[in-house]
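# The amino acid sequence is not available; the structure is as follows:
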């Protein structure tokens, strides 16, 4: 995420040396350093490659810019034909991300896991169609009124994402994560068509290429639909958002690992309330396969001491 | 909802005769007419009183304004003491809503049900604390950092809402609905504390006053948490948002009626996709207790012909 490292002074210093956010992501030396910084400071068990989900539309030929203090701005959507021609080339154009992964894997402690990722097709399509961040009302309407055009774009993104993740796995990513940041507000029929189907096809393609790395799916905001997601998509783990219920997590743990779901607002707030919630999460899910994590991205103004408080309690039971 | 009637030309004509939105809501003649307009035009089985959830903070002494084309603007939060003194008086100050209900009940066909409603405490508190519509990040943080102050405000709203709903039932409302428009993004611990607890206390107080009208609870955006809501809050029906899964609705139908969950974006889009989804909703939930409805408010630019399309299919199977 664009805010991923911003709570760390060493990240802010590093970021200041790059001319813009995309150059930063595409510079393997800098991106590897950004990936490793939190691993040096904290006892995390896994690192996630520093990148952005909108590098893929850029590699497919759409203009993508990040202005300071604003969300991403995307240019006009290229024609489907033009993007279709670039599907395999896009993974090649993102070779720098592979180089970042290789550098990180070399320097990372062998006991630590390295995670690669991509934005999921529906989420990436919302940015591509709306030209940036939005309330997604227009693109959800588009899903009803221009079903065929949207499905064709999703298909292109499925293929390009599969190639991109295969490249990441071959470059050193040991786990692959699909970020569906904008599942919220999708009715079940659209969720089946735009989330479950595309995720399942991506994983099938990655498996067909011989990649065996585990998949984490993160259908953020999918509510009760997470249950059918876990049944129909061959993921090994499901990342849960802050709203996941204890009962749903426990039901999921019978077949998959779960990840999540600490509220980033509570991590930022800290204090006794944070300890109480940590104990609750560990008590409700700690008996099954559970990867402790936030339920959404860390906020830039999160005190480092609060991250240390979490690790003390979760890792050392203090 | 403020946009409730705006898809109807007769509503827009009526609304134009009032100086502002609050005067319109508090004028029993106009509000009764706005309540009855859709009942004259369509074969709906129930009417919902025309009002707004922010009339209650106004009755508790907070300044509330609606500017054309903007969301609501609320003044500074009154002191808890001042609001506490107004709890019973607030229902009296909203006596005009009771008069609206009486007028509607007189004119409404006896076979049609009249629904009264209130905003649920957490949702109303988000507006009261943030001073208007927002992304609710500040108020969710406040729930962690100022737990006691928020809980006291919620308690005041529980009591005032119970009085208000008792008054509505005594004035002619046959069903009472609690709108929790902003349950989304609440982790389970906050959901228990800010939604489930307050809803349960309101209903207990209304029952203690001798009111037997059925309750519909609408925890919009609660995802999988809707299941524990239905178990712990003594509602007779749960309204579901657009994202409710078929399976969750069926599980709920074993103990409560359900309502919802057509996507207002699809109603506005219309066409064959609308018919397909209507058939799906009726097939998945039509065998149990199911009140057909939207999953969120109707959009002002919804074509009337699409509402007629829904009624033809749902009521007449055409």
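Thanks, I have the structure now. Please read all numbers here as calculations on a predicted model, not as lab measurements.
# Going by C-alpha atoms from here, please, whenever you check contacts or count neighbours.
Will do.
# Near chain B, which residues of chain A are found?
Residues of chain A lying near chain B by C-alpha under 8 Å from any C-alpha of the partner chain: A:137, A:140-141, A:144-145, A:184-189, A:221-225, A:242-246, A:248, A:263, A:265-266, A:269, A:273, A:277.
# Show the buried residues in those.
A:140-141, A:144-145, A:184-188, A:221-225, A:242-246, A:248, A:263, A:265-266, A:269, A:277 (16 or more other C-alpha atoms under 10 Å in any protein chain shown).
# Give me the subset of the residues of chain A next to chain B lying in helices.
Among those, DSSP state H puts A:137, A:140-141, A:144-145, A:188-189, A:246, A:248, A:265-266, A:269, A:273, A:277 in helices.
# of all these, which two lie farthest apart?
A:145 and A:273 (45.8 Å; C-alpha to C-alpha).
# Once you drop chain neighbours, what's closest to the residue of the stretch 151-300 of chain A found nearest chain B?
Nearest residue of the stretch 151-300 of chain A to chain B: residue A:223, at 3.7 Å (C-alpha to the nearest C-alpha). In space, and not counting its chain neighbours, residue A:223 is closest to residue B:223: 3.7 Å by C-alpha to C-alpha, 6 or more residues apart in numbering or on different chains.
# Check residue A:155 too.
Nearest non-adjacent residue to residue A:155 (C-alpha to C-alpha, 6+ apart): residue A:198, at 7.5 Å.
# you'd agree residue A:150 is in a helix?
Yes - membership of residue A:150 in a helix is supported by DSSP: H, G, I helix; E, B strand; the rest coil.
# which ones are touching it?
Going by C-alpha atoms under 8 Å, 6 or more residues apart in numbering or on different chains, residue A:150 touches A:142-143.
# repeat for the one 4 residues further on
Residue A:154 makes contacts with A:121-122, A:125, A:194, A:198, as judged by C-alpha under 8 Å, 6+ apart.
# Flag every buried residue along the helix or strand containing it.
Assigned by DSSP states H and E, residue A:154 belongs to helix A:147-171. Of the residues in helix A:147-171, A:150-151, A:153-169, A:171 count as buried by neighbour count, 16+ other C-alpha under 10 Å.
# Parallel or antiparallel, list what pairs with the next helix or strand after that helix.
Next helix or strand after helix A:147-171 toward the C-terminus (DSSP H and E): strand A:175-180. In the sheet, strand A:175-180 lines up against strand A:113-119 (parallel), strand A:215-219 (parallel) (DSSP bridges).
# Point out the most buried one among these.
strand A:215-219 (a mean of 26; mean count of other C-alpha atoms under 10 Å in any protein chain shown).
# what's the spacing between the residue of the stretch 151-300 of chain A closest to chain B and residue B:296?
In this view, residue A:223 and residue B:296 are 16 Å apart by C-alpha to C-alpha, to the nearest Å.
# Any idea what the residue sitting nearest the centre point of chain A is bridged to?
With distances taken as C-alpha atoms, centre = their mean, residue A:179 lies nearest the centre of chain A, 3.5 Å away. With DSSP bridges applied, residue A:179 shows beta-bridge pairing to residue A:119, residue A:218.
# so who does it touch?
A:117-120, A:123, A:217-220.
# As CSV, those residues with pLDDT would be great.
Compiled in CSV, those are given as follows (pLDDT from 0 to 100):
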residue, pLDDT
A:117, 98
A:118, 98
A:119, 98
A:120, 98
A:123, 98
A:217, 98
A:218, 98
A:219, 98
A:220, 97
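# mind checking how far residue A:144 is from residue A:43?
46 Å.
# one step back: okay, the ones in helices among the residues of chain A next to chain B in a markdown table with pLDDT next?
Output for those, formatted as a markdown table (pLDDT from 0 to 100):
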| residue | pLDDT |
| --- | --- |
| A:137 | 93 |
| A:140 | 97 |
| A:141 | 97 |
| A:144 | 97 |
| A:145 | 97 |
| A:188 | 98 |
| A:189 | 98 |
| A:246 | 97 |
| A:248 | 97 |
| A:265 | 97 |
| A:266 | 98 |
| A:269 | 98 |
| A:273 | 97 |
| A:277 | 98 |
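# any chance of those in CSV, plus distance to residue A:89?
Below are those laid out as CSV (distance: C-alpha to C-alpha, whole Å):
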residue, distance to residue A:89
A:137, 32
A:140, 29
A:141, 31
A:144, 31
A:145, 31
A:188, 34
A:189, 32
A:246, 43
A:248, 40
A:265, 40
A:266, 42
A:269, 44
A:273, 49
A:277, 46
